[in-house]
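In: my questions concern the predicted model and sequence given below.
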Amino acid sequence: MKNKILALALLCFTSIGSFAQSDNVTGKVVDRGGKPVSGALIFIVSSPTVKIATDVNGQFAIPAIPGDKLVIQTPDFGNKTTEVVDKKPMKVVMDYASQSVDLGFGINQTMAESTASISKINSEEIMKSSALSLSNSLFGNALGLTSMQNGGAVWEDYAGFSIRGLKTLSNNGVLILVDGFERSIGTLTREEVESVSILKDAAAVALYGFRGINGVISVKTKRGKYNSMDINVSYDHAFTSPVRLPKFADGYTYANAMNEALANDGKSAKYNSYELNEFKNGTSPYLYPNVDWVNETLKDHGSSDIYNVSIRGGGMNMRYYTMLNLENNGGFLKNTETNDGYSTQMKYSKANIRTNLDINLSPTTKAEVNLLGIIAEHNRPGRIQGTLMDNLYTLPSAAFPIKTYDGVWGGDDTWTNTNPVAGVENTGYARDNSRSLFADIKLIQKLDFIAKGLSGAIRFGYDNSAEFWEGKDRDFVYANDRLTFNNNVPADTIRTNGGTVKNLTYNHSLGTQNRHFNFVGNIDYEKTFTNSKLFSSLIYSQERIVNNGQNNTYNRQNFSGYAHYAMLNRYIADLALVVAGSNRLATGHKYGFSPTLSAAWVISNESFMKNVKFVDFLKLRASAGMINTDNIPTVNIWNQTFDGGNSYPFTDGFTSYGGTQEGRLPTKDFKLERAYKYNLGIDAVMFKGLTLTADAYMERRNNILVSGSGQNSAVLGVTSAYVNAGVVDSRGLEIGLDYEKTIGEMTFYIGGKYTLSKDKIKEQLEAPRAYSYLKSTGQPVNQLFGLQAIGFFVDQEEINNSPVQQFSVVKPGDIKYKDQNGDGFINDFDNVPMGYNTSVPEAYYSFQLGFEYKGFGFDALFQGVGNYSANLNTKSVYKPLVDNTTISNHYYENRWTPENIFAKYPRLTTESNDNNYRNNSIWIVDDSFLKLRNCEVYYKLPKSFLDKLKMKSAKLYVRGVDLLCFDKIDISDPEVIGVSYPTSKSVNVGFAVGF
């Protein structure tokens with residue numbers, strides 16, 4: 001009997017299992033390009049406890065019946081709800097509308113429901129670059145983001161960012177977040193990043209309080225995946241070379257140029273015919289040297305390496321992402337290994353170790369843990385390192401030899417301690433060791449036992465970074481031999497000695513230190529009605545930043561309320577109310593209130609659009625909001641300052657006591673700087689592959705703190721107070737257009753992005769000007785002013801018959817200026833607006849194209865700027881021979897001479913010429929450019945071959961970075977003009993494999 005019951009039970013269970021299996025709905029989840037999405041979570045809306053995950057091929061099977069609604073959540077935070085129609089296998093495409101939009105503070109929406117202006121870059125786009133840091137991987141990749149290369153050594157050449165141009169007379173810096181907390185992305189690697197979002201309008205930045213006013217760059221790092229494990233290994237090797245190093249004159253050319261300059265100045269020649277012949281013939285290199293200092297100090301090639309190993313996966317209750325990344329860069333200096341025990345190369349190495357965990361502590365409790373540790377070291381020459389590049393740009397080739405005939409380092413009292421070769425080889429080394437820890441934990445608790453749809457979360461973050469300098473330095477003895485003359489006949493050789501012999505001396509110091517504490521707590525409520533749904537959140541956030549030094553501790557807190565309402569999948573409205581506080585502000589003014597309202601209309605979901613087949617998705621957006629900031633020009637502006645005054649002698653006639661005088665007056669009636677932001681946008685997908693995003697925006701920034709000196713007489717006798725009187729208007733247009741199509745085994749794509757941002761100063765309490773064209777009010781922020789050059793003076797007669805130029809004595813070959821006011825004099829009253837600004841271009845654009853066929857692929861990204869200026873007047877290479885500097889071949893070949901009156905540059909001179917070297921239309925030039933940022937040829941091994949090797953993916957590539965540049969700057973990188981450690985271009989080879 002017992003055996004019969006057991007058999008019956010077994011039959012029942014088997015039947016139930018068969019029935020359940022027959023009720024399974026199967027399907028496949030793919031991305032927009034048709035690639036399978038593994039590790040995606042799928043559950044049924046009516047039975048959220050029934051959860052499964054897609055496999056490596058994106059396939060799934062879930063017990064569901066027709067009419068059930070499935071929710072698909074992908075590892076890149078995409079979200080889509082789709083209905084089961086029948087038992088046929090489903091194909092779920094994570095299309096544009098289902099892409100995630102991250103507002104921060106745990107608020108994730110789909111593109112279909114977002115009312116904010118946010119552009120997004122995914123990891124696939126980021127990985128097309130081979131930059132050593134994330135910051136240098138964003139050129140041209142995000143609509144609305146202006147990213148510009150900076151100069152300096154590899155550890156400090158991180159890109160500079162702005163969002164929607166210049167908008168204020170104060171701080172235009174953007175807020176940069178990593179996983180929701182303010183952190184640097186300069187040391188973040190490309191490999192650990194899932195996406196980068198650019199938050200632009202009021203609806204996007206409202207929840208960030210004072211810090212979000214200029215826009216937000218939000219980085220999300222990679223997290224684990226459900227029921228999977230991916231192991232990825234990659235290696236990238238770069239063959240680097242410096243970009244556009246200027247060519248300086250050889251000894252003979254320099255000597256002739258110096259004599260010419262002295263003749264122009266009415267002075268005697270420095271070099272006689274005998275010396276010129278010696279320079280030309282090169283027969284006496286120790287007396288008449290000809291040293292190419294750039295070539296002797298810098299190599300024409302370098303290298304860098306990136307090693308990366310990551311593991312990503314997990315189960316239903318715990319997911320993980322862990323990564324180890326190693327980077328190094330070899331530098332461009334020559335002869336750096338000539339000393340026992342240390343190198344003087346400007347080299348850099350860094351290790352990033354990251355672990356991100358998602359843990360289901362219970363069916364209603366979840367924990368998220370993020371840990372990142374960074375260890376970095378950079379090395380450079382000793383004492384001369386700070387002036388090394390300046391020496392290369394200023395030291396004449398004829399100054400002295402590298403070493404004298406008897407092996408002493410070359411040097412001279414005119415150019416003290418400037419021998420760059422000696423600086424690299426013989427002044428020791430300096431080494432920086434830095435370490436950083438970024439840690440945060442978040443607990444999420446469902447509170448359905450109180451009210452269905454209610455949940456709460458708390459998050460703590462702690463970041464700590466510090467750097468320690470150590471090194472050994474020493475001085476060196478230098479000498480220079482020169483020939484004396486008697487009636488132009490060589491006489492004696494004399495030696496000039498200098499410097500001291502000194503052993504290596506150990507030194508060390510503590511560099512920058514930073515501690516950053518964060519806390520976020522929020523209560524969320526979500527409810528779905530028959531035809532609509534509501535999400536609301538109450539958020540409290542607080543941060544404390546402690547830097548070394550005085551007045552470097554910042555405390556900020558935000559109290560926020562947010563509501564999101566969607567009706568009929570068509571009509572959406574968002575409301576954000578934020579009260580932000582900051583310790584930077586005056587007592588009684590530490591808090592500010594910011595409201596924002598935004599809405600969207602998904603037109604493509606309207607019934608009248610059902611027969612419009614070419615439109616896949618169409619949405620209109622609009623937002624308006626008021627955002628405050630805690631920008632102040634300096635601390636404690638609301639207090640009277642006092643400075644040191646003159647000394648007062650007393651009765652003994654010998655003792656004096658320091659006095660005190662009034663400094664800056666206090667700011668009264670302080671107000672918060674405030675932005676009124678308005679945005680109108682459209683998002684559309686058409687023809688199964690054409691994606692359009694367009695935005696038009698306006699902003700008025702008022703209450704900007706400006707000096708009141710322009711409205712006060714100088715007889716006031718003290719520094720005027722700052723006044724909340726500045727007003728700046730800005731407006732702009734953004735258009736992004738992409739098209740992707742797959743035909744058979746070929747996929748091709750093409751796209752472009754264009755941003756135009758304009759601004760105008762409406763008020764800044766500017767002092768009265770003699771002429772309206774002298775006013776910067778009414779002009780763009782940081783507008784350049786200068787004199788309009790109309791040629792060069794040919795002779796004294798022309799000088800005598802021209803308006804008097806009052807800056808300095810004018811000679812033939814000097815710049816001739818236009819008399820703007822017709823008063824017969826050229827002075828500061830003749831300056832006019834000229835060009836644009838030198839910090840942020842008004843126009844920023846990019847275009848990308850590529851294809852893939854049977855694993856072979858090509859991709860290219862061009863990026864350019866327009867309405868952008870450079871001021872060459874500040875650059876030493878355009879001011880030759882003054883203060884004993886050298887001269888470039890470019891300047892020498894384009895200088896004014898009586899035979900070349902239509903030259904590009906003025907006459908040579910050894911004097912500080914106030915007439916020529918001031919802002920004018922010769923030095924203020926068009927700095928527009930177009931660069932080939934990335935160009936890649938690759939091959940992906942076929943799946944049939946990889947299956948035999950138990951591999952999931954394998955890619956081999958050759959990639960070029962910054963290989964081409966089209967611009968009007970002849971001798972330097974248009975992004976880094978002047979004295980700087982050279983920027984680089986590279987050809988990279990590498991591979992990426994997955995298991």
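Out: Cool, the structure landed.
In: hey, let's count contacts and neighbours off CA atoms from now on
Out: Will do.
In: buried stuff in the longest strand along the chain?
Out: Ranked by residue count under DSSP state E, the longest strand found in the chain is strand 505-528. Residues 513-526 are the ones in strand 505-528 that count as buried (16 or more other CA atoms under 10 Å).
In: which residues does stretch 904-920 contact?
Out: Identification of contacts with stretch 904-920 by CA atoms under 8 Å, 6 or more residues apart in numbering yields 257-258, 260-262, 264-265, 785-789, 792, 805-810, 812-815, 871, 873, 879-884, 891, 894-897, 922.
In: again, only this time at 7 Å
Out: The contact list for stretch 904-920, computed with CA atoms under 7 Å, 6 or more residues apart in numbering, reads 260-262, 264-265, 785-789, 807-808, 813-815, 873, 881-883, 894-897.
In: between the two ends of it, how far is it?
Out: 13 Å (CA to CA, to the nearest Å).
In: what does stretch 100-110 give?
Out: Stretch 100-110: ends 5 Å apart by CA to CA.
In: how far is it from where the chain is centred?
Out: Taking the mean of its C-alpha atoms, stretch 100-110 sits 23 Å from the chain's own mean (CA atoms, centre = their mean, to the nearest Å).
In: report the buried residues of that stretch.
Out: Neighbour-count burial for stretch 100-110 flags 100-105, 109-110 (criterion: 16+ other CA under 10 Å).
In: I'd like those as TSV, with distance to Lys366, secondary structure and pLDDT appended.
Out: Shown next, in TSV, are the buried residues of stretch 100-110 (distance: CA to CA, whole Å; DSSP: H, G, I helix; E, B strand; the rest coil; pLDDT from 0 to 100):
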residue	distance to Lys366	secondary structure	pLDDT
Ser100	20	strand	92
Val101	21	strand	93
Asp102	19	strand	92
Leu103	20	strand	93
Gly104	18	strand	92
Phe105	15	coil	95
Gln109	20	strand	93
Thr110	22	strand	94
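In: ok, which pair from those is furthest apart?
Out: Phe105 and Thr110 (15.4 Å; CA to CA).
In: what residues does stretch 246-266 touch?
Out: Counting contacts by CA under 7 Å, 6+ apart, the residues outside stretch 246-266 that touch it are 268-271, 276, 279-280, 289-290, 397-398, 881, 887-889, 908-910, 971-972.
In: in helices only, show me the contacts of stretch 904-920.
Out: Counting by DSSP state H, these place 260-262, 264 in helices.
In: counting neighbours, which of the residues you listed comes out on top?
Out: Top of these by neighbour number is Ala261, holding 23 neighbours under the definition other CA atoms under 10 Å.
In: who's in contact with stretch 333-344?
Out: Residues contacting stretch 333-344 (CA under 7 Å, 6+ apart): 297-299, 345-346, 379-381, 424-425, 429.
In: can you list the buried residues in it?
Out: 333-336, 343-344.
In: first-to-last residue distance for that stretch?
Out: End-to-end distance (CA to CA), stretch 333-344: 8 Å.
In: can you give me the neighbour number for Thr747?
Out: Using other CA under 10 Å as the criterion, Thr747 is surrounded by 16 other residues.
In: equivalent analysis for Gly588, please.
Out: Neighbour count for Gly588, taken as other CA under 10 Å: 7.
In: then the one 5 residues further on?
Out: For Phe593, the number of neighbouring residues by other CA under 10 Å comes to 17.
In: what residues are up against it?
Out: Neighbouring residues of Phe593 by CA under 7 Å, 6+ apart: 578-580.
In: ok, of those residues, which one's closest to Gly549?
Out: Closest to Gly549 out of the contacts of Phe593 is Ala580 (25.4 Å), distances taken as CA to CA.
In: ok, and the closest non-adjacent residue to that closest one?
Out: Spatial nearest neighbour of Ala580, excluding adjacent residues (CA to CA, 6 or more residues apart in numbering): Asn558 at 4.4 Å.
In: pretty sure the one you found sits against Gly209.
Out: Yes - look at Asn558 against Gly209 with CA atoms under 7 Å: they come within range, at 6.3 Å.
In: between those two, which one's more packed in?
Out: Gly209 (28 against 23).
In: how much space separates that one from Glu467?
Out: Where Glu467 is concerned, Gly209 sits at a distance of 30 Å (CA to CA).
In: same thing with Pro420?
Out: Taken as CA to CA, the span from Pro420 to Glu467 is 27 Å.
In: Glu278 - that's part of a strand, no?
Out: No - applying DSSP: H, G, I helix; E, B strand; the rest coil, one finds Glu278 to be helix, outside a strand.
In: quick one: it and Pro285 touch, right?
Out: No - applying CA under 7 Å, one finds Glu278 not in contact with Pro285, separated by 8.5 Å.
In: ok, which stretches of the protein are helices?
Out: 2-23, 123-126, 202-205, 251-264, 273-281, 293-297, 388-394, 420-426, 796-800, 889-893, 943-948.
In: sorry, back to before: what pairs with the longest strand of the chain, parallel or antiparallel?
Out: Sheet pairing for strand 505-528, assigned by DSSP bridges, gives strand 454-473 (antiparallel), strand 532-547 (antiparallel).
In: quick one: the first one to chain centroid distance?
Out: In terms of CA atoms, centre = their mean, the gap separating the centre of strand 454-473 from the centre of its chain is 21 Å.
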